[in-house]
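Participant: Provided below for reference: sequence and predicted model.
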Amino acid sequence: MKILLFALNGSYSHTCLAVRCLRNALQKNGYTPLIFEANLRDRRDEVLQTLFEARADVYGFSCYIWNIGEMLAIAADLKALLPETKIIFGGPEASFDTERFASVADTTVCGEGESVISELCAKIERGETIPKTVVAPKASVMADEGIFYRDGDYKSGEMLYYESSRGCPYNCSYCLSSAEQGVRAKSVEQTLCDLLEFEKLNEDIKVIKFVDRTFNCDRKRANAIWRALADERYTKKYHFEICASLLDEESFEVLSGLPKGKVQLEIGLQSTNEKTLAEVSRHIDSKQVIAATDRLHKMGNMHIHLDLIAGLPYEGYESFKRSFNDAYFCCDMLQLGFLKLLHGTKLRENAEKYGIVYSKNPPYTVLQTADISREELYKLSQISDLLDRYYSSGKFAGCIEFAVKTAKSPFDFYEGLCDYINQNDGRGVRKLSQTDAFRTLYGYVRSFMNENDAEHFENLMHIDFSTHEARRMPLSVISKPK
């Protein structure tokens, strides 16, 4: 029987761990499944043609909020072309409200597919009827060895993913992790042994991203793994999602001693509004998180990524502005995300309570709430684009740091830049070329900065431009604004 596991990734640098976990489970039971990974930027007809030409007996679709629309469309077309084939939907987006998939999927797996995929395929092979929905028990995958990647099924430069634990100790009402209780984790020894497997792969892989929801929920285990990564045998960059308030003095000591660039940390702050955090059951001390994040950032040997979420209950525009300003200077990358009301979460069930209006199409982004208007959320989306362009990209590092410090506050700086662009460039904030981005920034800064500061800013901008654009900055960039 021919089985094909299909993933549709968000970008060319990503790979899908889920289909590799499923392949491992199937191989243990004597099957030899194929993996096909495509990208959301790929043409749908080309993706469909590849799937059609495989003429598999079973197709497994790995479904997430970012790809579910395309998955449904491709599955419908594939079913029309191959009506006898069986299509199995699984993944986080497929695990709740499964009636949405009944018209295109022969069965939908809710939960961890490794525990049921082989049994489903065996039933199909025997010609038995399979149920429309299968609720999978928790898999024993945490006891398994290995990383599930094989030479030849990924490309040089891609980000590879590793899972050392499942579950989360927190129950944030906007997150799917709240639907599961408890955390299962591999031992320190097994995790480090697995990480050495990445060193044996042929292609040049630079980043290993842990998909653990809260890597340091067990401080002792996390510290032991981080300490071991200082060993020169571990040559990759390792990305961890952590809770900064769980760091202890040993954690800081271990992390401070790691070689520069070996580890990057992602920290979910989400908000500094205590009422908001309590309402979404995120029981953290935001001041403690800010202090710990700032301490990590000042070490200078790690890339620190901090997350905020706009659209949460009781977080209005002014409140979000305070959260933004609290977070801005303590990280290398500040990501301004927007609340998604995921199927299966408590916040989606209680949306009406908070006056939340959200898109009914994936990824179910909040459109407005009782606390923040549509206009204000749209303004934040533009500021988010500017933050990515000018701050997180690193291409304006020197000049943007200086300019922001001369403004009333970080948020006021980006809000003012957003208004300046909207008033002076009909294309808006999302369509600036790189040269125009420098030109616009200069024009905006000159509108409020004194002559001495402006001269220093211009020098910094020359350095940033020549560093990242590999050419001298055109004189037109620094023409005085009218």
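Facilitator: Yep, that arrived.
Participant: so Ala139 sits against Ser115, correct?
Facilitator: Yes - assessed by Cβ atoms under 8 Å, Ala139 is found in contact with Ser115 at 4.3 Å. C-betas here are computed from N, CA, C, even on glycine.
Participant: which residues do the two both contact?
Facilitator: Residues touching both Ala139 and Ser115 (Cβ atoms under 8 Å, 6 or more residues apart in numbering) are Ala25.
Participant: counting neighbours, what do you get for the residue nearest to Ala351 when sequence neighbours are not counted?
Facilitator: Nearest non-adjacent residue to Ala351, counting by Cβ to Cβ, 6 or more residues apart in numbering: Leu341, 5.9 Å away. By other Cβ atoms under 10 Å, 21 other residues sit near Leu341.
Participant: contacting residues around Leu341?
Facilitator: Leu341 sits next to 174, 347-348, 351, 356, 358, 364, 366 when contact means Cβ under 8 Å, 6+ apart.
Participant: packing partners of the helix or strand containing Leu417?
Facilitator: Assigned by DSSP states H and E, Leu417 belongs to helix 410-424. Other elements packing on helix 410-424 under the criterion 3 or more Cβ pairs under 8 Å, 6 or more residues apart in numbering; DSSP states H and E are helix 317-328, helix 374-386, helix 397-406, helix 434-446.
Participant: could you dump those helices into JSON lines with mean pLDDT and distance to Ser187 added?
Facilitator: Compiled in JSON lines, the helices and strands packed on helix 410-424 are given as follows (pLDDT from 0 to 100; distance: least, Cβ to Cβ, whole Å):
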{"stretch": "helix 317-328", "mean pLDDT": "98", "distance to Ser187": "35"}
{"stretch": "helix 374-386", "mean pLDDT": "96", "distance to Ser187": "40"}
{"stretch": "helix 397-406", "mean pLDDT": "94", "distance to Ser187": "40"}
{"stretch": "helix 434-446", "mean pLDDT": "90", "distance to Ser187": "47"}
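Participant: now for those, which one comes closest to Glu249?
Facilitator: Proximity to Glu249, assessed across the helices and strands packed on helix 410-424 by Cβ to Cβ, is greatest for helix 317-328 (23.3 Å).
Participant: partner strands of the helix or strand that the closest one is followed by and their direction?
Facilitator: Sequence order places strand 333-338 as the next helix or strand after helix 317-328, per DSSP H and E. The strands beside strand 333-338 in its sheet (DSSP bridges) come out as strand 303-310 (parallel).
Participant: out of the helices and strands packed on helix 410-424, which gets nearest to Ala122?
Facilitator: Closest approach to Ala122 among the helices and strands packed on helix 410-424 is made by helix 374-386 (47.3 Å; Cβ to Cβ).
Participant: contact partners of that closest one?
Facilitator: Here helix 374-386 has contacts from 310-311, 316-317, 320, 336-338, 366-368, 411, 414-415, 417-418, 421-422, 428-430, using Cβ under 8 Å, 6+ apart.
Participant: the stretch 101-250 of the chain: helices as residue ranges?
Facilitator: With DSSP state H, counting those that start in this stretch as the criterion, the stretch 101-250 of the chain has helices at 117-125, 188-199, 219-228, 249-256.
Participant: redo the ones you listed as CSV? Include distance to Glu158 and mean pLDDT.
Facilitator: Below are these laid out as CSV (distance: least, Cβ to Cβ, whole Å; pLDDT from 0 to 100):
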stretch, distance to Glu158, mean pLDDT
helix 117-125, 24, 97
helix 188-199, 12, 96
helix 219-228, 23, 98
helix 249-256, 26, 98
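Participant: out of these, which is closest to Arg439?
Facilitator: helix 249-256 (39.9 Å).
Participant: any stretches of the stretch 101-250 of the chain with poor pLDDT?
Facilitator: Residue ranges of the stretch 101-250 of the chain with pLDDT under 70: 140-141, 143, 178-179.
Participant: that one: strands as residue ranges?
Facilitator: For the stretch 101-250 of the chain, the strands defined by DSSP state E, counting those that start in this stretch cover 107-110, 133-135, 160-162, 165-167, 183-185, 207-210, 237-242.
Participant: go through those strands and pick out the most buried.
Facilitator: With neighbours taken as mean count of other Cβ atoms under 10 Å, these reach their highest mean count in strand 107-110, at a mean of 24.
Participant: paired strands for that strand, with orientation please.
Facilitator: Partners of strand 107-110, by DSSP bridges, with direction: strand 86-90 (parallel), strand 133-135 (parallel).
Participant: please work out the average pLDDT along the helix holding Leu417.
Facilitator: For helix 410-424, the mean pLDDT works out to 94.
Participant: any buried residues in it, and which?
Facilitator: Buried residues in helix 410-424, counted by 16 or more other Cβ atoms under 10 Å: 410-411, 413-418, 420-421.
Participant: okay, angle between the longest helix belonging to the chain and helix 397-406 too, please.
Facilitator: Assignment by DSSP state H gives helix 451-469 as the longest helix of the chain. Regarding helix 451-469 and helix 397-406, their directions subtend 150 degrees when assessed with axes from the mean of the first three to the mean of the last three Cα atoms, to 10 degrees.
Participant: just how off-centre is helix 451-469 within its chain?
Facilitator: Relative to its parent chain, helix 451-469 has a centroid offset of 32 Å by Cα atoms, centre = their mean, to the nearest Å.
Participant: buried residues in that helix, which are they?
Facilitator: Buried residues in helix 451-469 (16+ other Cβ under 10 Å): 453-454, 456-458, 460-462, 464-465.
Participant: what is it packed up against?
Facilitator: Using 3+ Cβ pairs under 8 Å, 6+ apart, the elements in contact with helix 451-469 are helix 397-406, helix 434-446.
Participant: so which bits of the first one are buried?
Facilitator: The neighbour-count criterion (16+ other Cβ under 10 Å) identifies 397-400, 402-404 as the buried residues of helix 397-406.
Participant: so what are the structural domains in the chain, by residue number?
Facilitator: With domains defined by automatic domain parsing, the chain comprises 3-135, 141-372, 394-482.
Participant: now the helices of the stretch 101-250 of the chain in JSON lines, with distance to Lys298?
Facilitator: Formatted as JSON lines, the helices of the stretch 101-250 of the chain follow (distance: least, Cβ to Cβ, whole Å):
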{"stretch": "helix 117-125", "distance to Lys298": "47"}
{"stretch": "helix 188-199", "distance to Lys298": "27"}
{"stretch": "helix 219-228", "distance to Lys298": "18"}
{"stretch": "helix 249-256", "distance to Lys298": "10"}
